[in-house]
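J.: what's the 3D shape of this:
(chains A and B)
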Amino acid sequence: MDDAPDLADFVANRGHALFRYAYMLTGNPHDAADLVQEAVMRLRNSWPRVQRKHDPESYVKTTIARLHISFWRRRRREHLVWEVPEQPRSEAESPLDLWDELAKLPKRQRAVLVLRYYEDRSDVEIAEMLDISPGTVRSQASRALGKLRDTVTRPRSLR
Amino acid sequence: MNDVEKELRRTFARAEARIPAMPPDLLRQMAVPRVRRRRRGLALASVAATGLVISVTSAVVWQAPEPRPTVTSPPNVTARPTPRIKESRTVERIAAPLEQVLPSVIAVVPRKVPNGEAFTPKLFTDAGTLLGYVSKKGYDPAPALWTYNLESQTFQHLATIDSPIAPVNSLAVGEGVIAWFKYVDRDIHIMTIPVTGGDPRTVVSFPAELDVDKVNGDSIYGVELAIGDGKIFWSSTKSGGVHQLPVSGGEPSFTPGTEGLGLFRWPWAGRPNDGRVGVTNLLNLSTGERLDDPAQAACDLTWCLSGNQATRRDGSQAVDLPGDHPRSLVADRFVTISQIDKQGRKAEAIFDLATSRVGRLWIHNDHKASPTLYTSTETLHFKRGDKWVVIHDADR
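T.: Okay, here's the model as predicted:
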């Protein structure tokens, strides 16, 4: 029951789930892997305390969400410089997919949507994870859904 | 649910189906202390996301997985053996739900008190009464203590508290009172109310122990509390050492022989076990009895965990646990374990050392977060719908 192997157990058990969650937040596997690794590095330092609370998954997911948002703050300028090249879109693509639209949302709004609609967490849980008030969760979700709704209701031919 | 919410869920489901495979070395890298990909990887990854330099990232971002010594390793990790990622053992069948296997240890409690505020369970004041608190998210200047009676299925408001109460704050019960502490102006105040409710009373105050941290803010250390033999006992979660005071009031005093020890469960104090299960160097505050620690095991009073086995402290019995990753030993009988069956289904389960029976809490769904399982020395609880499911030893 050494705490380091136990952390390894946790990572072995939940690493894939953490990676999937980080992928939903970031939209790409590179940032997702970076986020997961950075969060686990931090988890290592606090593992004895976190393990005692028996809440490592929520703890590391909270860390991932917060890291993601803070990376965005630091890296925003780079993103403005590196324009995302226009991807050719196939006319045959049938199902409506909001993935590309999610990429245009501010990171915090996207995080709120991932936590609400992918993780199925309550607004109160999301508020605790992102360290914002439940009111801010609702307003961020509402703004993000508003932007996506424009996409859903826009005629397909104009997209 | 409106259209956009439905589309969003579908989008996430589709995205999940096309997630690229996790980099094969990532798991191993994460499991090895202090081996991290260079920060440069982050910048490259962000560029890669634009689609400009995809071809070079796989060569640069993923470093070799072998552990390397680094000069930055903190002393507390350098001496550890290299952690390994263990293969999980499979079970023939995931255990039946715990409420079917051991209904007597399960209490189902509403998550809201009658006025609609969220109730957080803490501990049982007797076999049928669960004490908890109600506190608004963030700063609540007036949280409240409530109890829930399992038989009558009713809540009772015990007291409103005049300062925020954090979830980690210790509550203790005994000798007809409930005790907790609050932190005000760099001081710890130990408070009590009668177990049936009433106005809070400060029984003793003293300066809190602090760690100064200019980056993340200071850490304030609280106290562990226990009540028995007509006295209230407390120990700092930083430096340990057990102090005591009569419940009826009087002068606080240090309990001889408890240097460095923290309160565990009345009447026992011990040395915190570095984040592992249980404590070491157990001392009975009532009788002065001391317990020896078995080697290579983490122990509660009677039972120890060692690998995937539970053993009695005196070595008279060893039990193979029907699952992996025993993380917690609660109430000296409940062990949390993970089970995985041949179809790859994973479940969180409880093995009860008192009855040698196992019951599951839930089956993992990789597409959905599992509930958080909160544990203390005496109880486990987790959310299920609009209820708390609380696991406890009703005989104690």
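J.: so where does the spatially most central residue of chain A fall, helix or strand?
T.: Taking CA atoms, centre = their mean, the centroid of chain A lies closest to A:Leu25, which sits 2.3 Å from it. Assessed by DSSP states H and E, A:Leu25 sits inside helix A:3-26.
J.: one step back: surely the residue nearest to the centre of chain A and A:Val36 touch.
T.: No - between A:Leu25 and A:Val36 there is no contact under CB atoms under 8 Å: 10.3 Å. Heads up, the C-betas are built off the backbone N, CA and C, glycines and all.
J.: Check whether the helix holding A:Leu25 comes near chain B.
T.: Yes - contact of helix A:3-26 with chain B (CB under 8 Å from any CB of the partner chain) involves A:3-13, A:15-17, A:19-20, A:23-24, A:26.
J.: would you say B:Thr287 is within a strand?
T.: No - counting by DSSP: H, G, I helix; E, B strand; the rest coil, one finds B:Thr287 to be coil, located in no strand.
J.: Quick check, pLDDT for the residue nearest to it when sequence neighbours are not counted.
T.: Nearest residue to B:Thr287, sequence neighbours excluded (CB to CB, 6 or more residues apart in numbering or on different chains): B:Pro267, at 7.4 Å. On pLDDT, B:Pro267 comes in at 96.
J.: Likewise for the one 10 residues further on?
T.: Reported pLDDT at B:Val277 in the predicted model: 74.
J.: The residue nearest to B:Thr287 contacts B:Lys231, correct?
T.: No - B:Pro267 is not in contact with B:Lys231 according to CB under 8 Å; the separation is 10.2 Å.
J.: Of those two, give the one with the bigger neighbour count.
T.: When B:Pro267 and B:Lys231 are compared for neighbours, B:Lys231 comes out ahead with 21 against 17, by other CB atoms under 10 Å in any protein chain shown.
J.: For chain B, what's the nearest residue on chain A?
T.: Nearest to chain B, among the residues of chain A, is A:Pro48, at 2.2 Å (CB to the nearest CB).
J.: hang on, the earlier thing: OK, contacts around the residue nearest to the centre of chain A?
T.: Taking CB atoms under 8 Å, 6 or more residues apart in numbering or on different chains, we find A:Leu25 in contact with A:32, A:35, A:64-65, A:68, A:107, A:110-111, A:114.
J.: Also near chain B: which of those, exactly?
T.: When contact is defined as CB under 8 Å from any CB, the contacts of A:Leu25 meet chain B at A:Val114.
J.: Out of the contacts of A:Leu25, list just those in helices.
T.: Applying DSSP state H to the contacts of A:Leu25, the entries found in helices are A:32, A:35, A:64-65, A:68, A:107, A:110-111.
J.: Quick one: low-confidence residue ranges for the stretch 51-200 of chain B.
T.: Counting by pLDDT under 70, the low-confidence segments of the stretch 51-200 of chain B come to B:51-88, B:137-140, B:164-169.
J.: can you give me the strands for it?
T.: All strands of the stretch 51-200 of chain B, identified by DSSP state E, counting those that start in this stretch, fall at B:106-110, B:119-126, B:129-134, B:144-149, B:154-160, B:171-174, B:177-184, B:187-194.
J.: Average pLDDT for the helix holding A:Leu25, rounded please.
T.: On average, the pLDDT along helix A:3-26 is 79.
J.: Confidence-wise, which helix or strand of chain A is lowest on average?
T.: When each helix and strand of chain A is scored by mean pLDDT, DSSP states H and E, helix A:56-81 comes last, with a mean of 65.
J.: So which bits of the next helix or strand after that helix are buried?
T.: Next along the chain after helix A:56-81, taking DSSP H and E as the criterion, comes helix A:99-103. For helix A:99-103, burial by neighbour count (16 or more other CB atoms under 10 Å in any protein chain shown) applies to A:101-102.
J.: Thanks a lot, catch you later.
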